[in-house]
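A.B. asks: Quick check, what structure comes out for this input:
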Amino acid sequence: MHILLIEDDKQAAEFTLKSLQQFGHSVHHIEDGKDGLLAILSHEYDVILADRRLSGMDGMTIVKRTRAASVLTPFMFLTSLDHVDDIVEGLDAGADDYLVKPFAFSELRARIDALYRRPAQTKSMQDKIILKDLTIGLLKRCVFRDGVQINLQPREFRLLEYLARNAGRVATKTTLLEHVWEFNFDPKTNVIETHISRLRSKIDDGQSASIIKTVRGAGYMIDLD
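C.D. replies: Below you'll find the predicted structure:
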């Protein structure tokens, strides 16, 4: 993989850089935030790793400008900001993942691999995910099925977006709670089932088949077949 690392902490950067290179990844390391954004807009990477606190330009500004430019390269924050509000803020700004320092490299590697396995169309410099007759506009946050616009609530949109980014793979209840609701525990409610039901009622209205499949005992998925 060709990875961009934006990190101005020399010790953290050296650890991450050497660890990734040991596994054969090509890593472009930049310390300054402004230079990091310029690199994102000028080159293609498989994954972007960035701290939130950077000189020149902070990580939040970088990810927002990256998404505003229709660059959908998987983006992960590596940061010491560990409050729940910080994590939610980072994900809402456009990051795909958020890993708090200090972290085990094995976890970083697993998360990078997971981001890289996303459907190819979500890695391109486009603002849409297109699956069969379903179109999801990521920048305008709009959804169309068979040309008809569907109005979704913010959480419904995030749920659909996550399933679409992982199309063809089962999303478990635990995974959805972590990535859509930012829960690292099971609230013991039927919040997922309720939102899936509402989402289906909207995107399947007038359609002959449901685009979201239930995998018994496992979770939910958008089937590409």
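
A.B. asks: quick one: contacts for the residue nearest the centre of the chain?
C.D. replies: Central residue of the chain (C-alpha atoms, centre = their mean): Asp96, 2.4 Å from the mean position. Neighbouring residues of Asp96 by C-beta atoms under 8 Å, 6 or more residues apart in numbering: Pro74, Phe75, Met76, Leu115, Arg165. Bear in mind the C-beta positions are built from the backbone N, C-alpha and C, glycine included.

A.B. asks: 10 Å - rerun?
C.D. replies: The contact partners of Asp96, taken as C-beta atoms under 10 Å, 6 or more residues apart in numbering, are 47-48, 63, 72-77, 90, 111, 114-115, 118, 122, 162, 165, 179.

A.B. asks: In helices, which of those appear?
C.D. replies: Val63, Gly90, Arg111, Ala114, Leu115, Tyr162, Arg165, His179 (DSSP state H).

A.B. asks: among the helices and strands of the protein, which has the poorest mean pLDDT?
C.D. replies: strand 128-131 (a mean of 78; mean pLDDT, DSSP states H and E).

A.B. asks: Pairing partners for that strand, with directions?
C.D. replies: strand 134-137 (antiparallel) (DSSP bridges).

A.B. asks: what's the next helix or strand after the partner strand packed up against?
C.D. replies: Next along the chain after strand 134-137, taking DSSP states H and E as the criterion, comes strand 142-145. Using 3 or more C-beta pairs under 10 Å, 6 or more residues apart in numbering; DSSP states H and E, the elements in contact with strand 142-145 are strand 128-131, strand 134-137, strand 148-150, helix 154-165, helix 191-203.

A.B. asks: do that again at 6 Å, thanks
C.D. replies: strand 134-137 (3 or more C-beta pairs under 6 Å, 6 or more residues apart in numbering; DSSP states H and E).

A.B. asks: Alright, calling it a day.
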